[in-house]
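Just need the structure, nothing else, for what follows:
(one chain, ligands or ions: 1)
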Amino acid sequence: MTSRANESNFRSILPEEIEEGDEKSSELITRRKRTAIIVGRVHPGESNASFMMEGFMKFITSPTNPVACELRKRVVFKIVPFTNPDGVIAGNYRVSMSGNDLNRKYLAPHSKLHPIVCAVKKLIKDENPDT
Ligand SMILES: [Zn+2]
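You can find the predicted model right below:
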């Protein structure tokens, strides 16, 4: 994964100047960290999504990439890398084992037929309890 990110990109994520190693600053970072929820491969036939997610996870967990290190300081990444494995196992192109396009079930998911949609919605709701 390549990146053209530079310091100015990070200012929009957390504008305050943070001193490295300062305990008060690291507490501020922890409290003010934003969350990115990343959901991958809803449609089984889109196998390229798995490669993209693998690349992203390698990038964001890199202990040496300075961009990844900076992002992890400022953002909590919650990743659901593979949303529809049962659809892949069934050999479906677009739908889950229940025969539904999961991206079309977010408004009213059924807990037994679309459990991953319910779980992702809960993950989002937990991050935004006031919404
Ligand atoms: Zn898709």
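
Residue 36 in helix, strand or coil?
Following DSSP: H, G, I helix; E, B strand; the rest coil, residue 36 is assigned to strand.

for it, which residues make a bridge with it?
residue 77 (DSSP bridges).

Compute the number of surrounding residues for it.
By other C-beta atoms under 10 Å, 14 other residues sit near residue 36. Every residue, glycine included, has its C-beta placed from N, CA and C.

wait, doesn't it sit right on residue 72?
No. Using C-beta atoms under 8 Å, residue 36 is not in contact with residue 72; the gap is 10.7 Å.

pLDDT score assigned to the residue of the chain found nearest the ion?
Using C-beta to the ion, the closest approach of the chain to the ion is made by residue 43 at 3.6 Å. Looking at residue 43, its pLDDT stands at 96.

So it sits against residue 94, correct?
Yes. With contacts counted by C-beta under 8 Å, residue 43 reaches residue 94, the gap being 4.9 Å.

Which neighbours do the two have in common?
Shared contacts of residue 43 and residue 94 (C-beta atoms under 8 Å, 6 or more residues apart in numbering): 87, 101.

List the contacts of the residue of the chain closest to the ion.
49, 84, 87, 93, 94, 101, 103.

Buried ones among those?
49, 84, 87, 94 (16 or more other C-beta atoms under 10 Å).

three-state assignment of the last one?
Spelled out, it's residue 94. coil.

Help me confirm that it comes into contact with residue 88.
No. Residue 94 is beyond contact range of residue 88, at 11.2 Å (criterion: C-beta under 8 Å).

what sits in contact with each of these two?
In contact with both residue 94 and residue 88: residue 44, using C-beta under 8 Å, 6+ apart.

pretty sure residue 116 belongs to a strand, no?
No. Counting by three-state DSSP, residue 116 is located in no strand; its state is helix.

Kindly state the pLDDT recorded for the closest residue to it other than its chain neighbours?
Leaving out its chain neighbours, the residue that sits closest to residue 116 by C-beta to C-beta, 6 or more residues apart in numbering is residue 83, at 5.3 Å. On pLDDT, residue 83 comes in at 94.

What are the neighbouring residues in contact with the residue nearest the centre of the chain?
Geometric centre of the chain, nearest residue: residue 38, 2.0 Å, by C-alpha atoms, centre = their mean. By C-beta under 8 Å, 6+ apart, the contact set of residue 38 is 53, 56, 77, 78, 79, 80.
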